[in-house]
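K.L.:
Pasting a predicted model and its sequence here:
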Amino acid sequence: MKKFELTSEFLIIPDSHNKDCCYVYFPIKSLIIKGNKDTEFFLEHFKSKKVIETKNRNHIKFLTILEQAGVVNGEPDKDPGPFTYDRPMPTGVTLIPTNRCNLKCLYCFNNSEIKGSDLSEEIAYRAVDLLVKNALEQSKKQIDVFFHGGGEPTQNWSLVMSVINYAKEVAANNNLSVRFGICTNAICGEETMMDIIDNFESILVSADGKPDIQNLQRPLHNGKPSFPVLERNLKLLSRYKKRYSIRITVSSHHKNRLDKDVEFLCQQFNPTSIIIEPLHECGRCVTTSCQPMLPENFIEEVVRCYQVMEKHNKPLQYSGSKLQLTNRFCGTAGSNFFITPEGDVTACLEVTRRSDKRSKVFFYGYYNNESKCFQFDLDKYRNLASMRVSSFEDCKLCFAKWHCGGDCLAKAPDSESIGKIRNPYRCFVNKNLIKYQLLREFNKKKITLKPISYGSTRFTS
Ligand code: SF4
Ligand code: SF4
């Protein structure tokens, strides 16, 4: 009799080409086994028992292979993290300098207009001071200051530059380094673009593809084309050999052409990577009728784009199908420290206005003008920090869970279901794209593999 204990979690990835086959995935141990229904049956039985003792030579042979792979009689699985403090201790901030924007994108989640509110210098400076204090307390060497929309950060450029100068000064005074990042539409003057080139290490440009689709989906606020300015500025980034990413929002307009848009952007502007995200119907979509692509079509398009990017030897990212392991989708669960133009602290970049019903979940603090510091609602912070994939009942048996992390909390069907119900569109896309990537790695044998077919003997003990 030999005794075996199942020490790692496994999840079943169905084989869409052969109903009798499946892949058994041990995510934390990065092991995939190709098996059949008997393999699945045997392992499910093993899971229900946790420990089995057997004399059956076939079983012993199979279980010994699993033992050698470290999933049986091995180290118990560890949660892949990341973990956070039980109160906000940010050493990075994302400032939303304004909710004004110079474009009128068909799908803008924020409905940004030419007019709107701007973040004050005082609030931005105090956010930087808080990062410095926390970095010193945690013996960290670096703080991070990022600028993002709401609106378009370059529309409040004097604030951005003054925060950069202030952060450089206070960081240097405290022997810290500071890293700057920006997410921009890159529709700005040449001088502003040169500031970006000179000051930012992390640059993300939102752009949607060839001129026709860029001008259609992302026109200037007066309706004129935005491509000519975008083209000039992306060429500047490329000329100065800046590392930067382009983010494409994929709508039904990209059907049967997304790979060509990706190819065009790579050839013309040489970005370091491309990020693609399916349009989430909200904000201005209500008035423009801009629609997402059907999820099946989106998956097909993305798979073609992987091939384009492989040819260019550049990564293609979609937020829901990362290969790294994580217990959460994004920093909303315990890390994000984002400041809205009104001085509210939000954990989500898509929820930046008090009028948004989701703010009751995502807003967890504000800048107190009297005490001149940030005040946090710890219950709200802790509630957000707990929204991780291991606490989502409907993710429990999903093979994609440690990659997807339970998906974007802001894409829940409504404000009442944040952290409770997944978005079915994204869930379907995530599972398919994670499966595609895992099996691609499996076939390249990059993941430790022990392909085995358990055979037709049923486990009967
Ligand atoms: S919850 Fe979703 S929209 Fe909000 S910050 Fe995270 S990824 Fe972005
Ligand atoms: S959101 Fe969907 S794809 Fe992601 S872990 Fe949960 S069930 Fe899986």
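P.N.:
Received it, and whenever you're ready, just let me know what you need. Ligands and ions are numbered 1, 2, ... in the order given.
K.L.:
helix, strand or coil for the residue of the stretch 101-250 of the chain found nearest ligand 1?
P.N.:
Among the residues of the stretch 101-250 of the chain, Phe109 lies closest to ligand 1, at 8.3 Å counting by CB to the nearest ligand atom. The way it works is simple: take the backbone N, C-alpha and C, and place the C-beta from them, glycine included. At Phe109 the chain is in coil, as set by DSSP: H, G, I helix; E, B strand; the rest coil.
K.L.:
Correct me if wrong: it contacts Cys348.
P.N.:
No - contact criterion CB atoms under 8 Å: Phe109 and Cys348 do not qualify, at 10.5 Å.
K.L.:
if we can go back for a sec, check contacts around the closest residue to the residue of the stretch 101-250 of the chain closest to ligand 1 other than its chain neighbours.
P.N.:
Closest residue to Phe109 apart from its sequence neighbours, by CB to CB, 6 or more residues apart in numbering: Gly283 at 4.1 Å. Residues near Gly283 by CB atoms under 8 Å, 6 or more residues apart in numbering: Tyr107, Cys108, Phe109, Asn110, Asn111.
K.L.:
what's around the residue nearest to His221 when sequence neighbours are not counted, how many residues?
P.N.:
Leaving aside its sequence neighbours, His221 sits nearest to Lys104 (CB to CB, 6+ apart; 4.8 Å). Look at Lys104: counted by other CB atoms under 10 Å, it has 19 neighbours.
K.L.:
Please report how far Lys104 lies from ligand 2.
P.N.:
Distance of Lys104 to ligand 2, given as CB to the nearest ligand atom, to the nearest Å: 32 Å.
K.L.:
swap in Asn99?
P.N.:
Applying CB to the nearest ligand atom, the value for Asn99 to ligand 2 is 29 Å.
K.L.:
Compute the number of surrounding residues for that residue.
P.N.:
A count of nearby residues for Asn99, using other CB under 10 Å, gives 25.
K.L.:
Quick check: the gap between it and Gly35.
P.N.:
Separation of Asn99 from Gly35 (CB to CB, to the nearest Å): 53 Å.
K.L.:
So Gly365, which state does it fall into?
P.N.:
Secondary structure, three-state DSSP: Gly365 is strand.
K.L.:
Grab the nearest non-local neighbour of it.
P.N.:
Nearest residue to Gly365 in three dimensions, chain neighbours excluded: Val345, at 3.5 Å (CB to CB, 6+ apart).
K.L.:
Can you name the residues bridging to that neighbour?
P.N.:
In this entry, Val345 is beta-bridged to Ile339, Gly365, by DSSP bridges.
K.L.:
how close does it get to Thr98?
P.N.:
For Val345 relative to Thr98 (CB to CB), the value is 17 Å.
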